[in-house]
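> give me the fold of what follows.
(one chain, ligands or ions: 1)
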Amino acid sequence: MSRILVTGGTGYIGSHTVVALQQAGHTPVIVDNLSNSNVRVLDQIEKITGEKPEFHEFDLCDEQRVRAFVAANPDISGIIHFAAYKAVGESVQQPLKYYHNNLFSLINLLNAYAGKPVNFVFSSSCTVYGQPDQLPVTETAQVKQAESPYGNTKQIAEEILSETAAAFDNYQVISLRYFNPVGAHESALIGELPLGVPQNLIPFITQSAIGKRGPITVFGDDYRTPDGSAIRDYIHVVDLASAHVAAIDLLEQGNPNGNYDVFNVGTGTGNSVLEVIRAFEASTGVKLDYQIGPRRAGDVEQVWGDVTKSTEELGWKAALGIEEMMQSAWKWEQYLKANPLS
Ligand code: UD1
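Below you'll find the predicted structure:
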């Protein structure tokens, strides 16, 4: 049983991963500054697993706090690093806020663990591919010029990690490039908690369906796709969480691919915005109100991942489909209405 540091462990993907780690017999230790999450998530996790995770509230940009934590917890054998800002639009308005937070926190962690044997899993994104030249996109595809400071922090972080892993023998790193995480835990006790108006499609759909927002706007129906709307590879957050457990397990065994490795984490298939809207209606029985609007600046036309490498070398594959994604997201929205967490 290993103690795994989970930074950002009270967040959306972090909380599902904490549950998956506990259920796999690991002991997650959360560090989070609660800048975009709610401390009550810890009780929600306990309701699911029967175990309240250990929690430390501090900011990873505080180098002294990071060093003190590492000194006080010498038995941490793995790190899953989620903690980061992630709003694309905000990053364009406030680039330095993104570079400061997303990179200083990473550098502080890496420095504090320098010289110690560490298995490190990083939260990266398919945003590093931009609009790929070939679909499905494989891990060897060219990393394109980032569309936003947020995307650039992911690219720079991957470079920092691969160079650090090359410089320190006992550092083993895996970057997981997520496609579009959606859905919620089947218990509906944890899920996504967007602040303000959701920028992402699924939380906007569920909030519109429950009456919290007006009609959904489909951002563009003139793309070169079968129905004209943009295509993404939506991945159930519970599947995504289990990919982190698989990555920790692979690092614990010793990754034959070397000290730095990258995996796509998606389903391997794409769905258009209009297909998602129809899937939500079909799997929940709730009718959605939507309109077609202009394209959103910075959006790529279509992207979905080749998951051959994750299947064969990580030993992980998505098990849940679009119906489970939509049903669980809807169940979570209804739970939140009855039990507001904030
Ligand atoms: C976005 C980010 C991506 C980031 C991810 C994190 C951009 C350009 N990309 O992915 O870098 O890693 O979030 O969660 O912001 N859509 C609508 N109407 C809406 C909302 C979305 O039609 O109200 C469409 C979008 O145009 C897109 C699809 O739905 O085609 C998915 O959008 P979204 O959920 O925001 O994810 P991404 O843009 O793919």
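> contacts, neighbours, all on C-alpha from now
OK.
> tell me the confidence at G115?
pLDDT for G115: 85.
> repeat that for L195.
L195 is given a pLDDT of 87.
> any idea how far the residue nearest to it when sequence neighbours are not counted is from T49?
Excluding the flanking residues, the one nearest L195 by CA to CA, 6 or more residues apart in numbering is N36, at 7.5 Å. Computed as CA to CA, to the nearest Å, the N36 to T49 distance reads 23 Å.
> where in the stretch 1-150 of the chain is pLDDT low?
Applying pLDDT under 70 to the stretch 1-150 of the chain picks out residues 1.
> what about the strands in the stretch 151-300 of the chain?
171-178, 180-182, 216-219, 231-232, 234-236, 260-265, 271-272, 290-293 (DSSP state E, counting those that start in this stretch).
> buried set for the third one?
Judged by neighbour count (16 or more other CA atoms under 10 Å), strand 216-219 contains these buried residues: 216-219.
> and the residue of the stretch 51-200 of the chain nearest the ligand?
N200 (3.3 Å; CA to the nearest ligand atom).
> how about that residue, phi and psi?
phi -90, psi 150 (degrees, to the nearest 10).
> what's it in contact with, if anything?
By CA atoms under 8 Å, 6 or more residues apart in numbering, the contact set of N200 is empty.
> also the one 3 residues further on?
Neighbour list for P203: 192, 194, 329 [criterion: CA under 8 Å, 6+ apart].
> got the strands of the stretch 151-300 of the chain as CSV, with mean pLDDT and distance to the ligand columns?
Formatted as CSV, the strands of the stretch 151-300 of the chain follow (pLDDT from 0 to 100; distance: least, CA to the nearest ligand atom, whole Å):
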stretch, mean pLDDT, distance to the ligand
strand 171-178, 97, 7
strand 180-182, 98, 6
strand 216-219, 98, 3
strand 231-232, 98, 6
strand 234-236, 98, 9
strand 260-265, 98, 12
strand 271-272, 98, 7
strand 290-293, 98, 8
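> so which of those strands is the most surrounded?
Comparing those by mean neighbour count (mean count of other CA atoms under 10 Å), strand 234-236 comes out on top with a mean of 27.
> highest neighbour count among the contacts of P203?
A329 (27 neighbours; other CA atoms under 10 Å).
> per-residue confidence for that residue?
98.
> how about it, secondary structure?
helix (DSSP: H, G, I helix; E, B strand; the rest coil).
> beta partners for the residue lying closest to V303 once chain neighbours are set aside?
Leaving aside its sequence neighbours, V303 sits nearest to R232 (CA to CA, 6+ apart; 5.3 Å). With DSSP bridges as the criterion, R232 is bridged to N271.
> which residue ranges of the stretch 51-200 of the chain form helices?
63-72, 88-93, 95-113, 149-167 (DSSP state H, counting those that start in this stretch).
> what residues of the last one count as buried?
When burial is assessed from 16+ other CA under 10 Å, helix 149-167 yields the following buried residues: 149-158, 160-162, 164-166.
> filter those residues down to the ones close to the ligand.
G151 (CA under 6 Å from any ligand atom).
> pick the one among the buried residues of helix 149-167 closest to S2.
Minimum distance to S2 across the buried residues of helix 149-167 is 21.1 Å, recorded for A165 (CA to CA).
> fine by me, we can end here.
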